[in-house]
Structure formats: structure tokens, C-alpha cells
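Trainee: model this:
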Amino acid sequence: MTARVVIGLTGAAAAVAVVVLATLGYGGRDASSEAPLVQPPKTAPVTRATLVDAVHLSGTVGYGNSEPFPGRLAGTLTQIAEPGDALDRGDVAYRVDDRPVVVLIGELPAYRPLAVATTGADVAQFEQNLRALGYEGFTVDEEYSEATAAAVKRWQADLGLDETGIVDLGRVVYVPAPVRVAKREQRAGDQAAPGTPVLTVTGTTRTVAVRLDDKTAVPLKPGAKVQVRASGAKPVDGVVAGVRAAEEGEQPGKVAMVGIKDQRGFKAAEGEQVDVAVVRATRKDVLTVPIVALLAVADGYGVEVFGAGGRRVVPVTVGLFAQGQVEVTAPELAEGMRVGVAGQ
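Mentor: Sure, this is the predicted structure:
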């Protein structure tokens with residue numbers, strides 16, 4: 001029989017669960033009470049499954065924190081990338097006076113023009129990008145040579161720029177990795193100015209924001225593993241990337257940011273609410289029965305097994321409780337047996 005995965009909320013409260021069920025008439029029966037002479041109205045199978053004890057929280061899908069996209073050129077904005085657009089190496093983020101501002105990949109921000117005889121780490125970073133864009137004929141190093149200038153002229157021609165061989169300050173903007181446009185901070189026709197962001201951007205992968213407060217049942221710390229489920233979809237694995245303070249406009253408290261590695265398998269759109277399960281305990285490939293099948297027997301618990309030979313009470317050792325099921329262990333118990341279910 002195929003194993004199933006069951007997710008629940010209990011775990012350490014095994015005894016409490018049985019006491020409550022007994023009070024309600026759903027379990028914890030005394031095996032010494034009068035035994036039924038026929039099969040009870042309802043039985044349930046002994047199943048083999050993976051039980052997962054988890055706390056469930058609500059999360060919101062997004063793309064992480066937004067950051068300003070810096071601008072260094074002055075002039076009239078004539079074109080701006082759309083919200084939702086992905087910007088990678090070589091893409092045009094916006095145009096000033098109908099001339100492109102180009103995205104490149106790197107950690108070091110542009111801080112000066114680049115021309116022949118310029119040397120430094122910023123030169124090497126620019127040349128790495130130029131080579132990655134397919135331009136050749138120069139050595140990637142920390143020296144801006146005549147060969148570099150010749151390649152830059154070809155790059156400028158392809159962009160529709162004047163072929164000066166000089167990279168003006170503000171013509172390129174470096175980002176550590178590809179980004180996604182979150183919002184336009186200005187519109188076409190506005191005046192661009194050094195230091196005034198034209199866009200705000202985020203990462204390109206979806207993340208999940210989980211709001212935490214003093215009532216949150218389980219702490220979320222960086223590195224914690226979770227399962228994220230969109231409505232009607234299979235769960236995907238997630239990892240808490242960090243915990244930050246609530247930003248302006250958010251409810252007070254802290255926000256845990258969950259990263260999702262399987263972006264293709266994650267079937268949720270920006271702004272959608274998803275379930276975030278924080279796994280506290282897991283029992284793989286164990287025998288399980290409904291909690292309401294438990295009997296109170298001497299010094300523990302048992303289940304009432306029904307078969308061709310009639311009925312008998314089998315003492316069991318209980319383990320993890322999860323979503324109405326409980327892990328049970330007994331030498332006489334096997335997958336597929338039928339057990340009585342009380343209070344049905």
C-alpha cells in the first residue's frame with residue numbers, strides 16, 4: 001500500500017489528546033467494558049504513512065525587499081522599463097534623452113568614467129561584462145587599453161551611442177544579480193537627476209513573507225526548514241533566509257523571509273496567500289491509526305482489531321500524533337488490518 005504524508009499540529013500532547021477524546025466519547029475507551037458482539041458501525045485500516053507534526057502559518061508571496069535603482073545622468077526620461085520586467089546583463093533599464101542606461105552585473109558601483117589608461121578593479125569588472133556580452137579583442141584585466149576602447153566602440157554602435165570608446169559615468173549601472181522592476185519612481189517626461197532613483201527593483205525569485213508576533217506558536221530562525229503550499233498545489237520546500245523588522249505600512253512585529261528553491265514547482269503568484277508549515281517532528285514509514293481508535297488499557301493504550309477470527313484488543317505503544325492520526329507500534333499489528341473506531 002502506498003505510504004501517505006499526514007501533517008498535524010499536536011505531537012508532545014499525546015496524553016492530553018487521548019484524555020480529551022475520551023471525554024468527548026471519541027477514544028480512550030476502557031478495554032474492560034463490555035465488548036461488542038458484532039463488528040462496530042465503523043472500522044478504519046491500519047495504514048503505513050509518514051506523520052509530520054507542524055505549525056501552520058500564513059505567508060504572502062512576493063519578490064523580497066525592494067531597493068532603489070540608482071541614476072547618475074541628467075536629462076529627460078524618454079523610456080522606463082515596466083514593473084515586472086526582468087533586467088539582466090546588457091538590458092536597458094531606462095533612457096535619458098533617448099540614450100540607454102545599461103544594466104551590468106557586479107558588486108562595485110560605477111564611480112568614474114572609464115577611458116584609455118584608466119586602471120583598477122572597476123575596469124576589470126566592466127571588461128568582464130563586456131566579454132560576457134560577446135565582445136572580444138581585448139584582455140580582461142585592470143587596464144583599460146586601446147583594445148578595450150575599440151571593443152567599447154563596437155558596443156556603443158550596437159546601442160546607438162556615439163562611438164567615443166569612453167564609458168561615461170551613469171551610462172551603466174551595476175547590480176549584484178539580475179533584478180526585477182518593482183515600481184517606477186518616475187515617469188517618461190520627468191527630469192532625471194543624479195542620485196534620484198528612477199526605479200525600485202527586487203530579486204527575480206519569488207519569496208514568502210511570514211508575519212510573526214508574540215502569539216506565533218513557533219519561532220522562525222534563519223536556516224529553519226518549512227513547507228510552503230499554494231491553494232490546490234503540492235507543497236514545496238522552503239528555507240527561512242532571514243528575519244527582519246516590520247517595515248512602514250506593515251503590521252507591528254517581525255517578518256520571516258522564506259526562500260523557495262523550486263521556483264518552477266511553486267504554483268503561486270505575487271500577492272497570493274500561502275500556507276507555511278513549520279515542521280517540528282517527522283516519523284517516516286510508520287504504522288498509524290485514527291486517534292479515535294485508541295482504547296485505554298492497563299498502563300497504556302490499545303486498539304480493537306477485527307478480522308475473520310473475531311475481535312481482539314492489541315496493546316500498542318503510541319508515538320507522534322498528527323491530524324487525527326497516531327503512530328502505533330505492536331508486534332501483532334500490521335498494515336491493512338481493521339481497527340474499531342469509537343464514537344462514530
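Trainee: partners of Arg211 in the sheet?
Mentor: On the basis of DSSP bridges, Arg211 is bridged to Val255.
Trainee: So what's the residue count around it?
Mentor: By other CB atoms under 10 Å, 17 other residues sit near Arg211. Where C-beta positions appear, they are placed from N, C-alpha and C, glycine not excepted.
Trainee: quick one: the helices in the chain?
Mentor: In the chain, the segments counted as helices under DSSP state H are 14-24, 121-132, 146-159.
Trainee: Give me whichever of the ones you listed is most buried.
Mentor: Most buried of the helices of the chain, by mean neighbour count (mean count of other CB atoms under 10 Å): helix 121-132, with a mean of 19.
Trainee: Kindly spell out which helices and strands sit in contact with it.
Mentor: strand 99-105, helix 146-159, strand 172-175 (3 or more CB pairs under 8 Å, 6 or more residues apart in numbering; DSSP states H and E).
Trainee: what's the angle from it to helix 146-159?
Mentor: Relative orientation of helix 121-132 and helix 146-159, computed by axes from the mean of the first three to the mean of the last three CA atoms, to 10 degrees: 60 degrees.
Trainee: now the angle from helix 121-132 to strand 99-105?
Mentor: 100 degrees.
Trainee: would you turn the helices of the chain into TSV with distance to Leu169?
Mentor: Shown next, in TSV, are the helices of the chain (distance: least, CB to CB, whole Å):
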stretch	distance to Leu169
helix 14-24	67
helix 121-132	11
helix 146-159	14
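Trainee: Now render the ones you listed as JSON lines, adding mean pLDDT.
Mentor: Converted to JSON lines, the helices of the chain look like this (pLDDT from 0 to 100):
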{"stretch": "helix 14-24", "mean pLDDT": "41"}
{"stretch": "helix 121-132", "mean pLDDT": "98"}
{"stretch": "helix 146-159", "mean pLDDT": "98"}
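Trainee: Minimum distance to Arg99: which of those has it?
Mentor: Proximity to Arg99 (CB to CB) singles out helix 146-159 among these, at 8.1 Å.
Trainee: okay, now Arg264: neighbour count?
Mentor: 6.
Trainee: And it, its phi and psi?
Mentor: phi -70, psi -40 (degrees, to the nearest 10).
Trainee: all strands for the stretch 51-200 of the chain, in order.
Mentor: Secondary structure of the stretch 51-200 of the chain (DSSP state E, counting those that start in this stretch): strands located at 67-69, 75-80, 86-87, 92-96, 99-105, 172-175, 179-184, 191-192, 199-202.
Trainee: Dump those to TSV, plus distance to Gly309 and mean neighbour count.
Mentor: Output for those, formatted as TSV (distance: least, CB to CB, whole Å; neighbours: other CB atoms under 10 Å):
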stretch	distance to Gly309	mean neighbour count
strand 67-69	71	17
strand 75-80	79	16
strand 86-87	67	17
strand 92-96	77	20
strand 99-105	72	20
strand 172-175	72	21
strand 179-184	66	20
strand 191-192	86	17
strand 199-202	65	22
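Trainee: Distance to Leu333 for these - can I get that in CSV?
Mentor: What follows is the strands of the stretch 51-200 of the chain, written out as CSV (distance: least, CB to CB, whole Å):
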stretch, distance to Leu333
strand 67-69, 57
strand 75-80, 67
strand 86-87, 55
strand 92-96, 65
strand 99-105, 59
strand 172-175, 59
strand 179-184, 54
strand 191-192, 74
strand 199-202, 53
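Trainee: Put together CSV for the ones you listed, with distance to Lys284 and mean pLDDT on each row.
Mentor: CSV is the format used below for those (distance: least, CB to CB, whole Å; pLDDT from 0 to 100):
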stretch, distance to Lys284, mean pLDDT
strand 67-69, 42, 94
strand 75-80, 52, 98
strand 86-87, 39, 97
strand 92-96, 49, 98
strand 99-105, 42, 98
strand 172-175, 42, 97
strand 179-184, 38, 96
strand 191-192, 58, 96
strand 199-202, 37, 96
